[in-house]
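Student: got a predicted model here, sequence first, then my questions.
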Amino acid sequence: MKSRSLIPVVVAVAAVPVLCLGGLGGLLGGAAAEACLPFDAPPATPIASPSTPPHAWPATEQWTAEQVTNAAAIITTGAQLAVPARGWVIAVATAMQESSLQNLAGGDRDSVGLFQQRPSQGWGSPAQLRDPIYASTKFYQALLRIDGWQAMPLAEAAQAVQISAYPDAYAKWEGPATELVTALAEPTGLPTDGLARCGATGPWTQPVLAPVGSGFRTPQRPSHDGVDLSVPRGTIIRAASTGIVRTVACNAVYQNSRADWGCHRDGHPDLTAGCGWYVDIDHDGGVMTRYCHMDQPPNVSVGQQVTVGQPIGVAGSTGRSSGPHLHFEVHVHPSGPIDPVPFMAAQAAPLGATGRSAAAFN
């Protein structure tokens with residue numbers, strides 16, 4: 001799904017009624033630029049539903065007009081509640097997983113609506129939970145009560161609200177949710193910088209927030225030129241700094257014969273060699289970063305200018321890999337590969353995450 005597939009002229013006039021207050025940009029003003037800063041949660045006051053149904057938004061390559069309209073209602077509600085833009089992505093991704101952005105009349109047990117919230121658990125009545133604005137408000141109120149939600153991986157933040165039997169399932173929707181929220185926000189003039197997961201701010205940021213597994217050129221793996229960052233499949237990978245894309249390629253072959261293994265499937269730690277789907281980005285000062293084992297073709301192209309924190313692909317297990325993760329390298333000309341851990345720490349964007357166990361991958 002391409003964000004440009006939403007027709008700006010149509011989007012500008014086919015907004016949900018609450019956008020009459022001035023559009024998403026008018027609702028937030030400069031708040032998006034501060035979306036990753038500490039903030040005080042707004043009062044937990046539900047927003048009344050509009051008296052007339054919202055106009056339909058145009059369909060995209062992936063989502064129907066109904067689904068896009070429901071996503072717009074989620075985003076608008078977040079804007080009305082002054083929720084930072086990162087919260088919109090979490091909410092939309094949650095609804096993608098729970099209902100495919102459809103306002104369902106039922107579900108598992110007594111689950112209802114976009115977020116499949118349950119009346120028996122105190123979310124509201126069935127009629128209330130079929131109201132996208134009411135359901136979105138209840139989701140955001142629960143999210144804002146979670147300490148540190150903005151720094152959490154999306155799946156952890158969504159799970160803290162939903163308490164799902166499948167807590168890792170939310171991660172795969174981060175990329176599609178980010179794209180859809182961006183597509184809805186951009187035509188209104190709302191800056192989308194705050195949609196990325198919060199981490200270090202500045203010229204460098206973490207490509208993912210995750211524990212460091214296998215380290216740089218350890219005695220057990222002296223030819224390992226980077227570090228492995230343990231994340232679920234589908235986790236969005238971001239450019240560590242602004243730069244120019246040098247390489248976008250699939251590198252996956254059989255270890256013995258060197259015949260093509262391909263990147264249409266996962267690799268194997270013993271049978272496969274190569275980086276899988278990967279991206280190289282050139283930065284100022286002769287620095288290059290490399291991002292390996294992506295799950296699908298990256299969403300950037302050779303020669304493209306990317307900005308710090310921009311999504312470039314999603315984590316997977318292509319190439320020589322024993323499980324989903326990001327293999328991340330830093331090269332400095334003319335020295336070659338260096339240990340990314342001290343380098344990123346020096347850029348005020350330290351790798352790693354607390355409170356989660358690290359696992360070694362290839």
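Tutor: Arrived safely. Numbering: from 1, shown residues only.
Student: got the residue ranges for the strands in the protein?
Tutor: Here the chain has its strands, by DSSP state E, at 227-229, 236-238, 243-254, 272-283, 287-294, 305-306, 311-314, 326-332, 336-338.
Student: can you name every helix or strand that the second one contacts?
Tutor: Here strand 236-238 is seen to pack against helix 174-185, strand 311-314 when contacts are counted using 3 or more C-beta pairs under 8 Å, 6 or more residues apart in numbering; DSSP states H and E. Placement of C-beta: from N, CA and C, glycine included.
Student: got the ones you listed as a markdown table, with distance to Arg221, mean neighbour count and mean pLDDT columns?
Tutor: Formatted as a markdown table, these follow (distance: least, C-beta to C-beta, whole Å; neighbours: other C-beta atoms under 10 Å; pLDDT from 0 to 100):
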| stretch | distance to Arg221 | mean neighbour count | mean pLDDT |
| --- | --- | --- | --- |
| helix 174-185 | 29 | 25 | 84 |
| strand 311-314 | 24 | 24 | 88 |
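Student: same list (the ones you listed) but as JSON lines, adding distance to Arg233.
Tutor: What follows is these, written out as JSON lines (distance: least, C-beta to C-beta, whole Å):
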{"stretch": "helix 174-185", "distance to Arg233": "11"}
{"stretch": "strand 311-314", "distance to Arg233": "8"}
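Student: let me see the backbone angles for Arg233.
Tutor: phi -60, psi 140 (degrees, to the nearest 10).
Student: mind listing what the residue nearest to it when sequence neighbours are not counted touches?
Tutor: Nearest non-adjacent residue to Arg233, counting by C-beta to C-beta, 6 or more residues apart in numbering: Pro324, 4.0 Å away. Contacts for Pro324 (C-beta atoms under 8 Å, 6 or more residues apart in numbering) come out as Val231, Pro232, Arg233, Gly234, Thr235, His293, Asp295, Ala315, Gly316, Ser317.
Student: dump those to TSV, plus distance to Leu143.
Tutor: Shown next, in TSV, are the contacts of Pro324 (distance: C-beta to C-beta, whole Å):
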residue	distance to Leu143
Val231	21
Pro232	20
Arg233	24
Gly234	20
Thr235	19
His293	30
Asp295	26
Ala315	23
Gly316	27
Ser317	30
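Student: out of the residues you listed, which is most surrounded?
Tutor: The most crowded member of these, judged by other C-beta atoms under 10 Å, is His293 (31 neighbours).
Student: hmm, that residue is touching Cys275, no?
Tutor: Yes: because the distance of 6.8 Å satisfies C-beta atoms under 8 Å, His293 is recorded as touching Cys275.
Student: what is in contact with those two at once?
Tutor: Here His293 and Cys275 share the contacting residues Gly319, His327, scored by C-beta under 8 Å, 6+ apart.
Student: ok, which stretches of this structure are helices?
Tutor: Applying DSSP state H to the chain gives helices spanning 8-13, 23-28, 65-80, 85-99, 126-129, 132-144, 154-162, 174-185, 340-346.
Student: save these as a markdown table, and put in distance to Asp282 too.
Tutor: Converted to a markdown table, the helices of the chain look like this (distance: least, C-beta to C-beta, whole Å):
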| stretch | distance to Asp282 |
| --- | --- |
| helix 8-13 | 32 |
| helix 23-28 | 33 |
| helix 65-80 | 34 |
| helix 85-99 | 28 |
| helix 126-129 | 49 |
| helix 132-144 | 38 |
| helix 154-162 | 29 |
| helix 174-185 | 24 |
| helix 340-346 | 15 |
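Student: tell me which of these sits most buried.
Tutor: helix 85-99 (a mean of 27; mean count of other C-beta atoms under 10 Å).
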